[in-house]
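> any chance you could fold what I've pasted below:
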Amino acid sequence: MKKKFLIKTALAGALVISAGGTTALAHDEFSGGIEKGDSLAGVELAVPLLEGSKNTGNLQEVAAVSLKEVKEGVQNSSGDVYAHKGFAYVGTHTKNGGEGGVRVFDMKDPSNPVEVSSFAHIPGTWQEKVIVKTVNTKYFKGDLAAVSVQKVDRTNPNAKGGFVLYDVTNPREPKELGFWEDTSGARGTHELYLTVQGNNVYVLTANCYADLYSHGEKMDVNIVDVSKPSTPETIYEFNPRNYIPEISDDNYDGYNWTDEQGIKRAAFAHSVKTDGTGKTAFLSYWDLGTIMLDISDAKNPVYLGRTDFANDVQGAAHSMDLAKGGNVLIETREVFGPTREGFESAYGYTMIYDIKDKANPKLLSTFRTDFTEKIPGGATVHDPKVQGNTLYLSHYAGGVRTVDITDPSNPEEIGVYIPSKSNIWGVFVDRNYVLASDMGSGLKVLQKNGSQ
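The predicted model follows:
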């Protein structure tokens, strides 16, 4: 039976700002929506909007740098952002044909990030997500970068999707090590995660719609052993039909799912991540919620449970992060189309769960902003990051939101950062600063607590 939740909501303070643009619905592939990077930018501000209290009330923008043109006259748009050992790695989106690769910034002086190299410029593709970890295996020792690769045109026979591995031990001179190809007929790997279990290194993939396009021959989520980066090896594919009682061939085709209430929903893997040990995986599976697996034995994962939604809530589990030592799950839901018959009228917001018992996640609260009507199309949450008791959220035209989750049952917004024409894709917390990737204008650096 579909669960009914008592939802406890924390509303943010009013934000008086507006923007034009067409609203995109749900997810790009089947929504008929428009390019996020071209449509969701907010109004032009003379100075960044900064509001807040407590520590993040002293956030200040200390740098805003554009991506270099790797091709003369071609400006790429930013994807996600990651930081490792004093360097920031910024992926790129589809603007101007993609092929923007990953940009590496030296962050020795956070007020003056310097783009020192770029890599993974693959024809006909875009490189949104990059994860970097220090690894030590029989075959490779150093800093390894895993980069998602998606076709700009899914039908292009000359483009290959999947992920690529690079040696970034010297970030100024990245070296390609290996490539893993998604052969499902989908675009490739949308998001991924690189995780380490002792001497074993794995990449988990979210290949959106692989199940659908391959008619069940390939799955959206793969676990790939990259301990030997030159020869990545797929060791496991997650098929939700084998684990989740509500899913079967009768009501699911790899994307379209009719739930037990007869409601048509979308179910596909959008994002993947593990906990710090690399032994528990979290699959953001849109209207199937966040699926949790024990991957201690990566070749034989064990299903633990999943989050669920009330009947009138659009699912759209997009991304996640953990808090409180892994006992609390932060789940962000990307909903661009707030009006759908039979559902609540709401853009995507954040759900916070107690997952001490992963077989029975308990919804503790939700966090919503109240600018639904003030920023059309940009009012949905995107990605979460947690540091200590503070949750950082990217919110497209809504900028960066910081939320106090000391009490996860009562989240409180404590900071807002909105740059001019804001279109914040990702956030990452590193040392005493917050990195934000802005799709229109590159990398933004925010200093915490007002320190210089």
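> average pLDDT for the helix or strand hosting Leu363?
Element membership for Leu363 (DSSP states H and E) is strand 362-368. Averaging pLDDT along strand 362-368 gives 97.
> partner strands of that strand, with direction?
Neighbouring strands of strand 362-368 in its sheet, by DSSP bridges, are strand 9-11 (parallel), strand 350-354 (antiparallel).
> quick one: the last one to chain centroid distance?
Centre-to-centre, strand 350-354 and its host chain are 16 Å apart (CA atoms, centre = their mean, to the nearest Å).
> out of the strands paired with strand 362-368, which gets the lowest mean score?
Of all these, mean pLDDT reaches its minimum on strand 9-11 (a mean of 30).
> and Lys324, backbone torsions?
As for Lys324, its main-chain torsions (degrees, to the nearest 10) stand at phi 50, psi 50.
> any idea how many residues pack against it?
Using other CB atoms under 10 Å, Lys324 has 15 neighbouring residues. Quick note: C-beta positions are derived from backbone N, CA and C, even for glycine.
> quick check, pLDDT for the residue lying closest to it once chain neighbours are set aside.
Distance criterion CB to CB, 6 or more residues apart in numbering; nearest residue to Lys324, sequence neighbours excluded, is Pro408 at 6.7 Å. Note on Pro408: pLDDT of 98.
> would Pro408 count as being in a helix?
No: assigned with DSSP: H, G, I helix; E, B strand; the rest coil, Pro408 falls outside any helix and is coil.
> got a list of what it touches?
By CB atoms under 8 Å, 6 or more residues apart in numbering, the contact list for Pro408 reads Ala323, Lys324, Val328, Ile352, Asp354, Leu364, Ser365.
> of the residues you listed, closest to Ala397?
Ala397 lies nearest to Ile352 out of those, by CB to CB, at 23.2 Å.
> can you give me the helices in the stretch 1-150 of the chain?
With DSSP state H, counting those that start in this stretch as the criterion, the stretch 1-150 of the chain has helices at 28-31, 36-39.
> comparing the ones you listed, which yields the minimum mean pLDDT?
Note on the helices of the stretch 1-150 of the chain: lowest mean pLDDT is at helix 36-39, with a mean of 56.
> so what touches stretch 443-452?
Contacts to stretch 443-452, defined as CB under 8 Å, 6+ apart, come from residues 55-56, 58-65, 67, 78, 81, 88, 90, 103, 105, 107, 110-111, 113, 400, 417, 419, 424, 432-438.
> and for stretch 90-100?
35-38, 67, 70-71, 74-81, 101-103, 105, 118, 121-130, 147-148, 152, 425, 437, 439, 442-443.
> any of the contacts of stretch 443-452 buried? List them.
Among the contacts of stretch 443-452, the ones that count as buried by 16 or more other CB atoms under 10 Å are 55-56, 59-65, 67, 78, 81, 88, 90, 103, 105, 107, 110, 113, 400, 417, 419, 424, 433-438.
> returning to what we had before: between the contacts of Pro408, which has the most around it?
Neighbour counts for those (other CB under 10 Å) peak at Ile352, which has 25 neighbours.
> isn't Lys68 right next to Ser118, touching?
Yes: with contact defined as CB atoms under 8 Å, Lys68 counts as touching Ser118 (7.4 Å).
> you'd agree Gly254 is in a helix?
No: counting by three-state DSSP, Gly254 falls outside a helix, being coil.
> what residues are up against it?
Gly254 makes contact with Tyr209, Ala210, Asp211, Leu212, Tyr213, Ser214, His215, Gly216, Asp220, Phe268 under the criterion CB under 8 Å, 6+ apart.
> what do you get for Thr258?
Shown in contact with Thr258 (CB under 8 Å, 6+ apart): Asn251, Tyr252, Lys264, Arg265.
> switch the cut-off to 10 Å
Applying CB atoms under 10 Å, 6 or more residues apart in numbering to Thr258 gives the contacts Glu246, Asp250, Asn251, Tyr252, Lys264, Arg265, Ala267.
> coming back round to it: ok, Lys68 and Ser118, which is more surrounded?
Shown here are Lys68 and Ser118; by other CB under 10 Å, Ser118 has more neighbours (20 against 12).
> for that one, list each beta-bridge partner.
Note on Ser118: beta-bridge partners Arg103, judged by DSSP bridges.
> how much space is there between it and Ala145?
12 Å (CB to CB, to the nearest Å).
> can you pull the residues that touch both of the two?
By CB under 10 Å, 6+ apart, the residues touching both Ser118 and Ala145 are Tyr89, Val102, Val104, Pro174.
> surely Thr380 is in a helix?
No: according to three-state DSSP, Thr380 belongs to no helix; its state is coil.
> from Trp286, how far out is Thr380?
Distance of Thr380 to Trp286, computed by CB to CB: 14 Å.
> please enumerate the shared neighbours of these two.
Ala316, His318, Arg333, Glu334.
> run a quick neighbour tally on the second one.
Spelled out, that is His318. Neighbours around His318, by other CB under 10 Å: 23.
> quick check: it touching Thr332?
Yes: judged on CB atoms under 10 Å, His318 makes contact with Thr332 at a distance of 5.2 Å.
> relative to Val132, how far out is Ser90?
Check again: residue 90 is Val, not Ser. Val90 sits 12 Å away from Val132, going by CB to CB.
> identify the contacts common to those two.
Common contact partners of Val90 and Val132 (CB under 10 Å, 6+ apart): Tyr82, Ala83, Val102, Val104.
> of the residues you listed, closest to Glu191?
Nearest to Glu191 among the shared contacts of Val90 and Val132, counting by CB to CB, is Tyr82 at 11.9 Å.
> who's in contact with the closest one?
With contact taken as CB under 10 Å, 6+ apart, Tyr82 is in contact with 88-91, 102, 129-133, 145, 194, 426, 428, 430, 435, 437.
> check contacts around His121.
His121 makes contacts with Val70, Lys71, Asn76, Thr92, Gly98, Glu99, Gly100, Gly101, Val102, Gln127, as judged by CB under 10 Å, 6+ apart.
> what about 8 Å?
Val70, Glu99, Gly100, Gly101.
> Val221 reaches Lys273, doesn't it?
No: using CB under 8 Å, Val221 is not in contact with Lys273, being 11.5 Å away.
> these two: which is more packed in?
Legend: neighbour count by other CB under 10 Å for Val221 and Lys273, higher for Val221 (24 against 21).
> and stretch 268-285, which residues are buried?
Under the neighbour-count criterion of 16+ other CB under 10 Å, stretch 268-285 has 268-274, 278, 280-285 buried.
> pull the most distant pair out of the residues you listed.
Phe268 and Gly278 (23.8 Å).
> now Glu438, which residues is it bridged with?
Let me fix one detail, which is that residue 438 is Asp and not Glu. Beta-bridge partners, per DSSP bridges, of Asp438: Ile424, Gly442.
> any idea how far it lies from Val90?
Asp438 sits 10 Å away from Val90, going by CB to CB.
> got any residues that touch both of the two?
Contact with both Asp438 and Val90 is made by residues Ser78, according to CB under 8 Å, 6+ apart.
> other SSEs contacting the strand ranked longest in the chain?
For the chain, the strand reaching the highest residue count under DSSP state E is reported as strand 141-151. If you count contacts as 3 or more CB pairs under 8 Å, 6 or more residues apart in numbering; DSSP states H and E, strand 141-151 packs onto strand 87-92, strand 125-126, strand 130-136, strand 162-167, strand 191-197.
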